[in-house]
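Visitor: Quick one: sequence and predicted model below, then my questions.
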Amino acid sequence: MLIAISASAGGEHNLALKSDHTVVTWGHNVEGNLAVPIGLSNVVAISAGGTHSLALKDNGTVIAWGENSSGQAIIPHGLANVEAISAGSGHSLALIRRELQQLLNSCPI
C-alpha cells in the first residue's frame, strides 16, 4: 500500500507525494494542471500553484506543468541544485542550494 507523505493545495487542484516518490493529482483540470508528466519519479517535494504544479526531484531539478500564461511553468535553462520550491498563483520560486551557501559565506558574523 502506498502512503501519501506530503500534500499541497492549489487554487484549482491538489497534489500528493506518494511514498514511492511519484505524484498524484485531483481537482478541477484547468490548462493541464492534473496532467502529471509521464514518467515523473524520484520526487522529494511538491507545490501546487493557482493552476500549475511543481515537483522537486532528488537530483535537485524541477519539473513544472499546467497553466503557463505568465511563464510560471517554464523552468529556466540550467536551473539545478534546488533545495526547495514554491508555486504561487501565477509564479514559481526555487531556492538554490549553491546561492544560499554563497550568501552565507559572504555574510560577516
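Guide: Thanks, I have the structure now. Predicted, not measured: the structure shown is a model, and the values here were computed from it.
Visitor: element containing the residue nearest the centre of the chain, please.
Guide: Nearest to the mean C-alpha position of the chain, by C-alpha atoms, centre = their mean, lies Leu54 at 2.3 Å. Assessed by DSSP states H and E, Leu54 sits inside strand 52-57.
Visitor: Export only the CA atoms of that strand, formatted as CSV.
Guide: What follows is strand 52-57, C-alpha atoms only, in CSV (Å, rounded to 0.1, in the frame of the first residue of the first chain):
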residue,chain,number,x,y,z
HIS,A,52,0.2,24.9,-12.3
SER,A,53,2.3,22.5,-10.3
LEU,A,54,6.0,22.0,-9.4
ALA,A,55,7.9,18.9,-8.4
LEU,A,56,11.4,18.8,-7.0
LYS,A,57,13.4,15.7,-7.9
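Visitor: Tell me where this protein has helices.
Guide: Counting by DSSP state H, one finds helices in the chain at the ranges 97-106.
Visitor: Show me the shaky parts of it.
Guide: The chain contains residues with pLDDT under 70 at 98-109.
Visitor: Touching, Gly10 and Ile46? I think so.
Guide: No. With contact defined as C-beta atoms under 8 Å, Gly10 does not reach Ile46; the gap is 10.1 Å. Glycine gets a C-beta too; all of them are placed from N, C-alpha and C.
Visitor: Enumerate every residue touching the residue nearest to the centre of the chain.
Guide: Leu54 makes contact with 46-47, 62-64, 85-87, 92, according to C-beta atoms under 8 Å, 6 or more residues apart in numbering.
Visitor: what two of those have the greatest distance between them?
Guide: Pairwise distances across the contacts of Leu54 (C-beta to C-beta) peak at 14.5 Å, for the pair Ile63 and Ser86.
Visitor: Looking at those two, which one has more neighbours?
Guide: Between Ile63 and Ser86, Ile63 has the larger neighbour count (other C-beta atoms under 10 Å), namely 18 against 14.
Visitor: which residues sit in contact with that one?
Guide: Applying C-beta under 8 Å, 6+ apart, the residues near Ile63 are 37, 40, 43, 54-55, 57, 75.
Visitor: For the residues you listed, work out which two are farthest apart.
Guide: Maximum distance among the contacts of Ile63 (C-beta to C-beta): 14.4 Å, for Val43 and Ile75.
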